[in-house]
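> With the input below, show me the fold.
(chains A and B)
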Amino acid sequence: SQTIHQWPATLVQPVGSPLSLECTVEGTSNPNLYWYRQAAGRGLQLLFYSVGIGQISSEVPQNLSASRPQDRQFILSSKKLLLSDSGFYLCAWTARDRGHYEQYFGPGTRLTVT
Amino acid sequence: QKEVEQDPGPLSVPEGAIVSLNCTYSNSAFQYFMWYRQYSRKGPELLMYTYSSGNKEDGRFTAQVDKSSKYISLFIRDSQPSDSATYLCAIVGGDKLIFGTGTRLQVFP
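Model prediction:
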């Protein structure tokens, strides 16, 4: 069966510090991968998605970036965090033949920028 | 107009009640509809998905799509305290999922 991992689970970072969140998927090949942010009362905001190694689509221009160095690894980064970057970050995957349907989410990383 | 709208609640019901959760959407071209359940401080969990119009049943859960009204619903029968969570509808719009903001449900014993 497929499993999706995210770490760390929680993170407290000062404004201006860098960020690296990692997501890995087990039990599948060639998944589509997604990064979302969920802020209180604002629903899920799609940040990036990737259909293959090195292929990243950005939905929201901001100080975040994403990379996919391996088939089942997706990384979210920032060079300098802003207070507004606080939120619950979720990674998700779908099987390649399912398009963007049936997305399965990881446990999330709760980021607090102070 | 937002592409997907969902009443945020909270919705508080007694155990055993029938719960109706709803979303409206704006684009009649949407075909795939999903419901997720999210417990506090956890990632969303896919509950059900439906294609086009009609009903789909899974245990105590029924998903319903009315394309003529652009309205989707999730019914929970015999609700349990363990159903207390936030329920998000999601619609496949082009190359991404579009989520509602979620309805918080509380089922009290």
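
> Next up, the contacts around the most centrally placed residue in chain A.
Closest to where the C-alpha atoms of chain A average out (C-alpha atoms, centre = their mean) is A:Trp35, at 2.9 Å. Contacts of A:Trp35 were listed using C-beta atoms under 8 Å, 6 or more residues apart in numbering or on different chains, and they are A:Cys23, A:Leu46, A:Leu47, A:Phe48, A:Tyr49, A:Ala66, A:Phe74, A:Leu76, A:Tyr89, A:Leu90, A:Cys91. To be clear about C-beta, it is placed using only N, CA and C from the backbone, and glycine gets the same treatment.

> Repeat the analysis, applying 6 Å as the threshold.
When contacts are counted by C-beta atoms under 6 Å, 6 or more residues apart in numbering or on different chains, A:Trp35 is found next to A:Leu47, A:Phe48, A:Ala66, A:Leu76, A:Cys91.

> For chain A, just list every one of the strands.
Taking DSSP state E as the criterion, chain A carries its strands at A:3-7, A:10-13, A:19-26, A:32-38, A:44-52, A:55-58, A:64-70, A:73-78, A:87-94, A:104-105, A:109-113.

> Ok, chain B next?
In order along the chain, chain B carries the following strands (DSSP E): B:4-6, B:11-14, B:19-25, B:32-38, B:45-51, B:54-58, B:61-66, B:71-76, B:85-93, B:96-99, B:103-108.

> any idea which of the ones you listed scores lowest on pLDDT?
When those are compared on average pLDDT, strand B:96-99 comes out lowest at a mean of 87.

> gap between that one and the chain center?
If you compare the mean C-alpha spot of strand B:96-99 with that of the full chain, they lie 13 Å apart, counting by C-alpha atoms, centre = their mean, to the nearest Å.

> Could you see whether chain A lies near it?
Yes: in terms of C-beta under 6 Å from any C-beta of the partner chain, part of strand B:96-99 sits within range of chain A, namely B:Lys96, B:Leu97, B:Phe99.

> what does chain B have sitting close to chain A?
Residues of chain B lying near chain A by C-beta under 6 Å from any C-beta: B:Tyr32, B:Gly43, B:Pro44, B:Val92, B:Asp95, B:Lys96, B:Leu97, B:Phe99, B:Thr101.

> mind putting the contacts of A:Trp35 in TSV, neighbour count, pLDDT and distance to chain B included?
Formatted as TSV, the entries for those read as follows, by neighbours: other C-beta atoms under 10 Å in any protein chain shown; pLDDT from 0 to 100; distance: C-beta to the nearest C-beta, whole Å:
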residue	neighbour count	pLDDT	distance to chain B
A:Leu47	19	94	11
A:Phe48	22	94	11
A:Ala66	20	96	15
A:Leu76	22	97	15
A:Cys91	27	97	8
